[in-house]
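Novice: Structural data only, the sequence is not supplied:
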C-alpha cells in the first residue's frame with residue numbers, strides 16, 4: 001500500500017509522545033493512528049495511559065476498538081492501521097502514527113504483509129502446563145527472539161509458538177511476510193535520558209495509582225474478565241491483578257511493577273536502536289522541547 005505522507009512519532013513510555021503527536025496533528029491537519037498494543041482495549045484506560053481528554057477535537061484511530069480480554073495481534077494491527085491510514089490520506093489529511101510498540105511501528109514501516117494464523121487447539125493442548133522457561137526454550141529453538149514480550153507469559157509464549165509452527169508448516173504463507181518498505185515516512189523519536197525517564201515513570205505510576213488504577217482493574221475483573229486474561233497484558237494489568245487476587249502484597253506489587261516498567265522502557269529503546277541498525281532513520285528530538293518548537297522541527301522534516 002502506498003501513502004501520500006506518513007509521520008511516525010515514537011519513543012519509550014513516559015516520554016510525552018501523545019502530547020507532541022497531538023500538537024503536530026493540530027498544526028498539520030492530521031489524525032492520530034495509535035501504535036500502542038494495549039490502548040486497543042476498552043476499559044483499560046489508566047493502566048495504558050490513554051489520556052483521551054488530551055485529544056480534544058483531534059480525531060484518533062485504533063484506541064478502544066476491542067474488548068478487554070481479547071487478544072489483538074500484529075496481523076489485526078497491520079490490517080486496521082493500513083485501513084485507517086488510507087482513509088486519512090483519502091481525505092487529504094496527514095496520518096500521524098503515535099506510539100511506543102516498536103514491533104507495530106517497524107512492521108508498518110516495513111510494509112509487512114502477514115497471513116492470519118488460526119488457532120491450533122492440539123498444539124495448545126500439548127503445550128499446556130509447561131513452564132514459561134520451557135516454552136521460551138521451545139520458541140527460541142524455532143526463531144530468534146527479537147521481541148521479549150513473546151515470552152512475558154505462558155499464553156503469549158504458546159501463541160508465539162503457534163505462529164512459528166504455522167509458518168514452518170506453511171512456507172507459502174511465510175513467503176508473504178517478506179517486507180515491502182514504505183519510502184515516504186518520516187520517523188521522529190522522542191529523546192529522553194535514562195534518568196529523566198525513570199523519574200517520569202515513577203511519578204506517573206504514583207499518579208495513576210492515586211487516580212484509581214486499582215479500581216479500574218477490579219472493575220474489569222468484576223465485569224467477568226478472567227484474571228489470567230488481564231495478566232496476559234503484562235505490566236500494570238499483570239501486577240495489579242496479582243495484588244487484587246491475593247498473590248502479591250501491596251508493597252511488593254508496587255516495587256515489582258515499577259521495576260518491570262523500567263525494564264520495559266529499556267527494551268523499547270533496545271528495539272528502536274535495532275530499528276536504526278536495520279535501516280530505519282529516526283530523527284530524535286528532545287522530550288522537553290516546547291511543543292511549538294517540536295512542531296517546527298518536525299515540519300522541517302516533512
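Specialist: Ah, there it is. No experiment lies behind these values; they were computed from the predicted model shown.

Novice: Any stretches of the stretch 51-200 of the chain with poor pLDDT?
Specialist: 143-152, 173-178 (pLDDT under 70).

Novice: rerun at 50
Specialist: Low-confidence segments of the stretch 51-200 of the chain (pLDDT under 50): none present.

Novice: Can you show me the helices along it?
Specialist: 74-90, 102-109, 121-127, 132-142, 154-169, 171-175, 194-210 (DSSP state H, counting those that start in this stretch).

Novice: now those as CSV including mean neighbour count and distance to residue 221?
Specialist: No exception for glycine: its C-beta is placed from N, CA and C like everyone else's. Output for these, formatted as CSV (neighbours: other Cβ atoms under 10 Å; distance: least, Cβ to Cβ, whole Å):
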stretch, mean neighbour count, distance to residue 221
helix 74-90, 17, 25
helix 102-109, 22, 27
helix 121-127, 12, 24
helix 132-142, 15, 22
helix 154-169, 18, 17
helix 171-175, 11, 37
helix 194-210, 15, 17
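
Novice: Let's have those helices in CSV, adding distance to residue 57.
Specialist: Formatted as CSV, the helices of the stretch 51-200 of the chain follow (distance: least, Cβ to Cβ, whole Å):
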stretch, distance to residue 57
helix 74-90, 15
helix 102-109, 25
helix 121-127, 45
helix 132-142, 44
helix 154-169, 37
helix 171-175, 42
helix 194-210, 25
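
Novice: other SSEs contacting the longest helix seen in the chain?
Specialist: For the chain, the longest helix by residue count, based on DSSP state H, is helix 250-277. Applying 3 or more Cβ pairs under 8 Å, 6 or more residues apart in numbering; DSSP states H and E, one finds that helix 250-277 contacts helix 102-109, helix 194-210, helix 235-244, strand 282-286.

Novice: Return the list of helices and strands in contact with the first one.
Specialist: To tie it back to what came earlier, the one meant is helix 102-109. Short answer (3+ Cβ pairs under 8 Å, 6+ apart): helix 102-109 packs on strand 6-10, helix 74-90, strand 185-191, helix 250-277.

Novice: ok, how many other residues are close to residue 288?
Specialist: Residue 288 has 13 neighbours, counted by other Cβ atoms under 10 Å.

Novice: which residues touch it?
Specialist: By Cβ atoms under 8 Å, 6 or more residues apart in numbering, the contact list for residue 288 is empty.

Novice: what about the closest residue in space to residue 128 that isn't next to it in sequence, distance to residue 241?
Specialist: Take residue 128 and drop its neighbours on the chain: the residue closest to it by Cβ to Cβ, 6 or more residues apart in numbering is residue 158, 7.7 Å away. Counting by Cβ to Cβ, to the nearest Å, the gap from residue 158 to residue 241 is 19 Å.
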